[in-house]
Structures are given as structure tokens and as C-alpha cells.
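1. based on what follows, work out the 3D shape:
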Amino acid sequence: MAPSIDSKSGFCAENGIFYSRREFVKLPDDPDISLPALIFNRPLFDPTALAFIDSSTGQTLTYGHLRSQVQAASAGLFSFGLRPGNVVLLLCPNCIAFPVILLAIMSVGAIVTTTNPLNHPSEIAHQAADSGAMFFSSVPSLRHKLPSLKLPLILLPEPESSLKALNSEFPQNTTLSQLLSSPRHDVFPTFKGLQEDTAALLYSSGTTGTSKGVIITHRNFIAQVHFSLPGDDGIPWTSRIYMCLLPMFHVYGMGFFASGLLVRGSTVVIQGKFEIAKTLESIEKYRVTHMPVVPPIVLLLTKTPLVDKFNLSSLLEVGSGAAPLSKEVMGAFRIRFPKICLRQGYGLTESTSVGAYTATKEESMHYGSVGRISANSEVKIICIVSGKPLPPKKKGEIWIRGPCIMKGYFGRVGETSATIDKESWLHTGDLGYIDEEGYLFVIDRLKELIKYKGFQVAPAELEAVLLSNPKIVDAAVVGSPDKEAGQVPMAFVVLHPQSSLTEVEVMEFVAEQVAPYKKIRRVAFVECIPKTASGKILRRQLSAVAASKL
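-> Numbers count the residues shown, from 1 in each chain. Now for the predicted structure:
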């Protein structure tokens with residue numbers, strides 16, 4: 001007998017599962033299909049349509065040229081020595097070359113691991129070693145950040161940079177232009193991979209607080225693409241113009257701009273670096289219709305007077321993800337932009353950025369909610385005391401199951417089994433609930449991660465840096481609430497009795513060793529760090545103190 005499922009909430013009292021109320025989506029059953037094949041072999045592929053526009057240079061790339069460049073680059077990569085299963089570390093800002101090299105790597109059957117251009121060289125070196133990278137790909141201005149591992153380098157074009165100085169630091173060198181003009185294209189065998197093959201290792205602090213590679217398969221990306229809904233704005237996918245402000249190295253940006261929208265045939269306007277005036281100018285110039293962003297940008301749009309200087313009448317939708325958006329900010333945005341639909345979504349790197357979303361204007365009016373469960377997906381809300389599933393309106397840990405869930409953490413069997421159980425449920429570490437109408441509300445984080453402007457910051461990593469200072473006896477880091485950033489890293493520091501440090505000195509010490517978004521921005525000197533008997537830091541106590549200091 002089929003389980004009894006509530007028609008509104010999707011909840012089944014018999015097994016404690018919330019089922020998606022969205023229409024079931026049939027996914028491709030061909031086991032040999034890859035993400036690039038899905039993009040370029042779709043029935044309605046229009047080679048004359050614009051795929052990308054670079055807002056800083058005006059450079060454009062049609063879908064036909066994108067396909068030919070990806071095919072040529074993949075053949076060139078094969079001639080350069082890249083083979084299926086090899087890992088390529090990609091260090092690159094948003095630009096047209098990013099999706100070209102990304103899809104070319106995947107077309108060979110190789111694996112891409114992307115890293116943040118803001119990361120410290122030591123962080124990039126750790127990722128290169130941990131992922132087993134065998135090739136590097138970067139732009140000239142970031143090449144100095146690559147570790148000296150004597151690996152082959154694929155250099156990508158960059159405005160106002162020279163490609164001349166290919167030096168002996170790398171045993172083999174090539175450029176994207178050389179790959180595109182490789183005379184041996186005909187020797188490249190057509191890659192026949194599987195949907196289950198690994199496409200990317202996207203590094204995330206995950207639910208345990210240490211940076212590790214999230215294994216995302218071609219199937220994960222393909223499922224994520226199919227779960228995107230056209231919404232109710234009446235604009236066909238092929239007529240949509242999206243502004244790309246999100247970093248393509250992140251699962252959110254990669255899923256939208258380097259894969260999902262390409263399957264749909266939309267046009268993407270790329271902005272390499274976010275500057276509000278240039279963003280508004282590009283919206284006006286290119287008649288942008290849709291703009292996925294992170295909460296700090298929503299807040300900035302709500303407050304900046306620059307908005308009044310530009311014609312934003314083409315903009316129909318702003319989507320917010322990567323971190324929660326408060327009811328207050330949502331309300332203020334809708335007052336200022338009554339004609340723009342503001343939508344929210346929820347997902348993790350471990351779920352290929354899929355979990356829940358608002359698909360219509362009506363759904364987006366549920367303030368504070370991140371939407372309804374994604375198609376083909378299921379959710380449990382688990383009591384953090386009893387471990388049992390909870391009914392609607394009861395708060396607990398959010399568990400997700402579906403075809404977008406990662407394969408696991410690369411090289412970390414124990415951490416994988418602690419995050420994905422034997423029934424394939426992803427334990428997100430987030431606290432939330434689902435109401436009687438099936439809307440998910442994310443209200444807190446059980447995990448210890450700090451969300452700074454949508455970036456994940458692991459407290460344990462910053463604590464290790466702090467404790468490397470001989471003047472610091474003990475330290476703990478928590479997220480301190482911040483109206484602009486969501487949270488900022490705050491350090492509680494215990495100094496050596498005979499030492500002294502100022503707040504500024506502590507912040508500078510950390511800033512020299514980490515990426516800018518990970519910097520300590522508030523410091524409190526304390527006599528001791530509260531801990532359990534087993535030595536675990538009592539972060540909730542410190543978080544309460546951090547909130548009280550505002």
C-alpha cells in the first residue's frame with residue numbers, strides 16, 4: 001500500500017518524510033551522457049544564439065563558437081597529455097575562458113577542482129595536494145599563487161595581461177589559444193564516460209568544519225539542470241539574459257552560469273569583479289532580465305542611491321542563495337522594487353546547490369522561507385535530541401535525499417559516512433522546519449561554519465592560525481552577526497600571561513595567512529575558552545557573547 005502523503009505539506013506520518021510536491025522530472029537514462037554532451041547535443045541547440053557577453057570588454061561568444069572552442073580545447077588538452085580521471089586545478093576569476101576550459105576538461109573525462117582567486121597560496125597548495133592535481137590552469141595575474149609542484153600549466157587569456165612569460169617554473173606550458181589551434185584535433189577520441197563519473201571536486205568546509213573535496217558527478221550536474229524551473233514570468237529560457245556576479249568556481253555560480261543556463265540556451269553577461277555602479281550600468285546596457293546573487297548584494301540594492309541613476313526596467317527577477325535572507329531585507333527590497341520578483345533558494349555544495357527554492361511569485365511571498373522542496377527530492381526534519389523525524393512546524397536538523405546529493409568527500413570515507421547515512425540521507429547540519437504548506441524555513445546552523453557574504457569560513461582553520469602565534473595560549477572563533485555580511489569571524493583569545501597583543505595585531509596576524517573573506521574582524525580577550533569535559537569548545541556560549549557585543 002502506498003504511503004499516505006499530505007497534499008499540502010508533502011509530509012508522510014508513516015515514515016516521517018516530506019516529499020516534494022513539485023512535478024516529477026524524468027532524468028536522462030542514458031548512462032553514457034556527460035554534462036558537456038547534454039549542453040551541446042540538445043535538440044533545440046541554436047549555434048547563432050549568444051551564450052556569453054563579457055561586460056568589461058564587450059567580447060561575445062555564440063553557442064556555436066562555444067561548442068567549437070570546447071571541442072578544440074578538449075582535443076588540445078588530450079594532445080597536451082590530459083587523460084580521463086586526471087585532476088586539473090583551475091584558478092580563474094569570472095571570464096569567458098572559464099566555462100570554455102571547464103567544459104573542455106570535463107569533455108576529456110578529466111576532473112576539475114576550482115579554487116577561490118582570493119585564497120592564500122598555502123590554501124591553494126593544500127587543495128592541489130589533497131585533490132591529487134596533475135595540471136594547473138590559471139590566468140597570468142594569478143599564476144604566482146600556484147604552488148611549486150612542477151606541474152604542467154594551461155594559461156588562460158586575461159584582459160590587459162601578457163602571455164609572454166611562460167617560464168621554467170612549470171615543466172610544460174600551453175595557452176588556451178594554442179589548444180584551440182592544435183593541429184592534432186583529429187586524433188582525439190570521443191570520450192565515452194558515465195553519468196556516475198566524477199566531473200568536479202569542489203572544496204567545501206562541509207558539515208564538519210574542515211576543507212575537503214566534494215565529489216560532484218556528471219549525473220549530479222545533469223539532475224541539477226533538470227530541476228531548474230522556468231518560473232511564471234512568461235519569459236522563455238532562450239530570451240532570458242542573466243547577470244553573472246556569482247563566482248563560477250563556487251557550486252552556486254558553476255551550476256547556473258557554466259552549466260545550467262547553457263543547457264537552457266540563455267545568455268549570460270559576465271562581470272569579473274563586482275562593482276555596484278558597473279553592475280547597474282550592465283543591467284541597463286544589456287537589458288538583463290534575471291540576476292542570481294547573495295544576500296549582501298540584495299541588501300546593497302535595497303540601500304544604495306545609485307539605483308535611481310539607471311534604468312532597471314528590464315530586470316524581472318533577483319534570486320538570493322548561499323545564505324539566509326532575513327524577512328526585514330526581503331520586505332525592504334520589495335518596497336523599493338515592487339516589480340522585481342525576489343526569490344530564495346537553499347542548497348549546499350554537497351547537494352549540488354539543490355534543496356529547495358521558490359518557483360513562482362506566489363511562493364516568493366512566503367517571507368523568510370527558502371521555498372518548497374526541489375523536484376525528485378525528499379526531506380526529513382530530525383529531532384536533535386531523539387534522532388526521530390518530526391512533523392510540520394517542528395524544528396530539527398534538515399536531511400535531504402535525491403539525485404543531486406554528492407558521491408562523497410574525496411579520500412575521506414569516515415567523514416562521508418558521517419554525513420551521508422546508509423539510506424542516502426545527507427545530514428546538512430542546518431536547523432529548520434517545514435510548515436503546513438510545504439515551505440522550508442532555515443533558522444540556524446547546527447554546524448560550526450561561519451557564512452561571510454555567502455562564503456563558508458571554517459572556525460577550526462582560523463583557530464589553528466591563531467594558535468600558531470606563540471603569544472596566544474588558546475582561541476576560539478565563532479560567527480558574529482553582521483547586517484551587511486550576515487556573519488563575520490570573531491575571535492576569542494586567551495593570551496600568554498607575559499605577553500600582550502592588541503585587537504589590530506591579532507587581526508593582522510591572521511590576515512597575512514588567509515584569504516580576505518576569512519579574516520578575523522572582531523576580537524575579544526578572555527581568561528579562558530569554555531569547553532566540555534571532552535575538550536569540545538562550547539561555541540553556543542561564545543556565539544551568545546558575540547551577539548551581545550553588537
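2. quick one: the strands in the stretch 101-250 of the chain?
-> 111-115, 135-138, 153-155, 173-175, 198-204, 212-217, 241-244 (DSSP state E, counting those that start in this stretch).
3. save those strands as CSV, and put in mean neighbour count too.
-> For every residue, glycine as well, the C-beta is placed using N, CA and C. Formatted as CSV, the strands of the stretch 101-250 of the chain follow (neighbours: other Cβ atoms under 10 Å):
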stretch, mean neighbour count
strand 111-115, 25
strand 135-138, 24
strand 153-155, 23
strand 173-175, 18
strand 198-204, 25
strand 212-217, 24
strand 241-244, 24
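4. out of these, which comes closest to residue 146?
-> Among the strands of the stretch 101-250 of the chain, strand 135-138 comes nearest to residue 146, with 5.3 Å by Cβ to Cβ.
5. what packs against the closest one?
-> Contact partners of strand 135-138 among helices and strands, from 3 or more Cβ pairs under 8 Å, 6 or more residues apart in numbering; DSSP states H and E: strand 87-91, strand 153-155.
6. can you list the strands that the first one pairs with?
-> Looking at strand 87-91 with DSSP bridges, its paired strands and their directions are strand 111-115 (parallel), strand 135-138 (parallel).
7. that one: which residues count as buried?
-> 87-91 (16 or more other Cβ atoms under 10 Å).
8. I'd like to know how far residue 257 sits from residue 46.
-> Relative to residue 46, residue 257 is positioned 18 Å away (Cβ to Cβ, to the nearest Å).
9. equivalent analysis for residue 503, please.
-> Taking Cβ to Cβ, one finds residue 503 at 57 Å from residue 46.
10. now the helices and strands packed on strand 135-138 as JSON lines including distance to residue 17 and mean pLDDT?
-> As requested, those are exported to JSON lines (distance: least, Cβ to Cβ, whole Å; pLDDT from 0 to 100):
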{"stretch": "strand 87-91", "distance to residue 17": "36", "mean pLDDT": "98"}
{"stretch": "strand 153-155", "distance to residue 17": "45", "mean pLDDT": "94"}
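11. which one of these lies closest to residue 234?
-> When the helices and strands packed on strand 135-138 are compared by Cβ to Cβ, strand 87-91 sits nearest residue 234, at 36.7 Å.
12. re earlier: closest to residue 488 out of the helices and strands packed on strand 135-138?
-> Closest of those to residue 488 is strand 87-91, at 25.6 Å (criterion: Cβ to Cβ).
13. now do that closest one and strand 198-204, the angle between them.
-> Calculated by axes from the mean of the first three to the mean of the last three Cα atoms, to 10 degrees, strand 87-91 forms an angle of 50 degrees with strand 198-204.
14. pretty sure residue 424 sits against residue 399.
-> No - Residue 424 is not in contact with residue 399 according to Cβ atoms under 8 Å; the separation is 9.9 Å.
15. who has more neighbours, these two?
-> residue 399 (24 against 13; other Cβ atoms under 10 Å).
16. check which helix or strand the more buried one maps to.
-> Here residue 399 sits within strand 396-401, counting by DSSP states H and E.
17. mean confidence for that strand?
-> Averaging pLDDT along strand 396-401 gives 96.
18. tabulate the helices and strands packed on strand 135-138 in JSON lines, adding columns for distance to residue 340.
-> Output for those, formatted as JSON lines (distance: least, Cβ to Cβ, whole Å):
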{"stretch": "strand 87-91", "distance to residue 340": "33"}
{"stretch": "strand 153-155", "distance to residue 340": "40"}
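19. wait, which of the ones you listed is closest to residue 520?
-> strand 87-91 (24.5 Å).
20. so the closest one versus strand 212-217, what angle?
-> 110 degrees.
21. mind checking how far strand 87-91 is from the chain centre?
-> Its chain's C-alpha centre and that of strand 87-91 lie 16 Å apart, by Cα atoms, centre = their mean, to the nearest Å.
22. need the contact partners of that strand.
-> With Cβ atoms under 8 Å, 6 or more residues apart in numbering as the test, strand 87-91 has contacts from 82, 98, 101-102, 105, 110-115, 117, 124, 127-128, 131-139, 142, 145-146, 154, 201, 249.
23. thinking again about what came up before, out of the helices and strands packed on strand 135-138, the one nearest residue 224 is which?
-> strand 87-91 (19.1 Å).
24. can you list the buried residues in stretch 288-299?
-> 288-299.
25. make TSV out of those residues and add secondary structure.
-> Converted to TSV, the buried residues of stretch 288-299 look like this (DSSP: H, G, I helix; E, B strand; the rest coil):
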residue	secondary structure
288	coil
289	coil
290	strand
291	strand
292	strand
293	strand
294	coil
295	helix
296	helix
297	helix
298	helix
299	helix
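26. of those, the lowest pLDDT goes to which?
-> When the buried residues of stretch 288-299 are compared, residue 296 shows the smallest pLDDT, 78.
27. got the residue ranges for the helices in the stretch 401-550 of the chain?
-> Secondary structure of the stretch 401-550 of the chain (DSSP state H, counting those that start in this stretch): helices at 413-419, 459-467, 503-511, 539-548.
28. so which of those helices is the most packed in?
-> helix 459-467 (a mean of 19; mean count of other Cβ atoms under 10 Å).
29. from the contact counts, what lies against that one?
-> Partner elements for helix 459-467 (3+ Cβ pairs under 8 Å, 6+ apart): strand 472-482, strand 486-495, helix 503-511.
30. quick check: angle from it to helix 503-511?
-> Using the same axes, to 10 degrees: helix 459-467 against helix 503-511 is 120 degrees.
31. for the stretch 351-500 of the chain, which spans come out with low pLDDT?
-> 444-445, 447 (pLDDT under 70).
32. quick revisit: now the strands paired with strand 87-91 in TSV, with distance to residue 196 and mean pLDDT?
-> Below are the strands paired with strand 87-91 laid out as TSV (distance: least, Cβ to Cβ, whole Å; pLDDT from 0 to 100):
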stretch	distance to residue 196	mean pLDDT
strand 111-115	13	97
strand 135-138	23	97
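33. tabulate these (a markdown table), appending distance to residue 499.
-> What follows is the strands paired with strand 87-91, written out as a markdown table (distance: least, Cβ to Cβ, whole Å):
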| stretch | distance to residue 499 |
| --- | --- |
| strand 111-115 | 35 |
| strand 135-138 | 40 |
